[in-house]
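[1] Predicted model and sequence below, questions to follow.
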Amino acid sequence: MSKRTLRVSKIRNGTVIDHITRGHALDVIKILGIDGRAGGVVTIAMNVPSEKLGVKDIVKIEGRELNPEEVDKIALLAPHATINIIRNYRVVEKQRVKLPSVIYGILKCVNPSCISNSGEPVKSTFYVEQEEPLRLRCHYCGRIIEREDVLKQF
Ligand code: CTP
Ligand code: ZN
């Protein structure tokens, strides 16, 4: 093992979100509603050397396994992330997040006069024009939604 091994502890039970695009660790924390006042140990590592990405961020959450909706939200802001579920120190599940080409329901259009905001029974629908930096286009009004707009909603 090299002398320059990363010194971030392994976790016993919980979730490791690995391969987060550099600079996005805090977005992930925000999406998951983590404020540090409840629950177990949360470790945030930024600008960690990575073979695949050059550098990456990592978030480790003790005692919590993410649900599918949370995984989908992470895909919006960290499209290359890997979600590792850890039980008794072992990786029991490894999942690459995947941003679908169309996103239904999770987000609101930022255009107040968009039909999706009018109380009509339409499900918000966005097309992913670009993953990084994020650019989504509203199906109904064409408005472009960016990372900052998404973060404000979570
Ligand atoms: N990890 C951890 N605690 C454990 C087990 C794993 O914090 N008890 C972390 C590792 O440090 C790593 C991630 O979870 O950041 C995934 O672990 P593993 O699959 O063993 O690593 P790699 O094979 O390097 O993962 P990948 O192939 O996804 O790059
Ligand atoms: Zn719209």
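    Good, I have the coordinates. Residues are numbered from 1 along each chain as shown. Ligands and ions are numbered 1, 2, ... in the order given.
[2] Going by C-alpha atoms from here, please, whenever you check contacts or count neighbours.
    Will do.
[3] Which strands and helices lie in contact with the worst-scoring helix or strand of the chain on mean pLDDT?
    Sorting the helices and strands of the chain by mean pLDDT, DSSP states H and E puts helix 68-77 at the bottom, at a mean of 90. Under the contact definition 3 or more C-alpha pairs under 8 Å, 6 or more residues apart in numbering; DSSP states H and E, helix 68-77 sits against helix 25-31.
[4] what about the spatially closest residue to Cys141 that is not a sequence neighbour, how many residues close to it?
    Spatial nearest neighbour of Cys141, excluding adjacent residues (C-alpha to C-alpha, 6 or more residues apart in numbering): Cys114 at 5.8 Å. Neighbourhood size, Cys114 [other C-alpha atoms under 10 Å]: 17.
[5] what do you get for Asp57?
    By other C-alpha under 10 Å, neighbour count at Asp57 equals 24.
[6] so it makes contact with Arg22?
    Yes. Between Asp57 and Arg22 a contact is recorded at 5.2 Å, counting by C-alpha atoms under 8 Å.
[7] overlap in contacts of these two?
    46-47 (C-alpha atoms under 8 Å, 6 or more residues apart in numbering).
[8] Check the burial of the nearest residue to Glu70 once chain neighbours are set aside by counting its neighbours.
    The spatial neighbour of Glu70 that comes closest, neighbours along the chain excluded (C-alpha to C-alpha, 6+ apart), is Leu32 at 6.8 Å. Using other C-alpha under 10 Å, Leu32 has 15 other residues around it.
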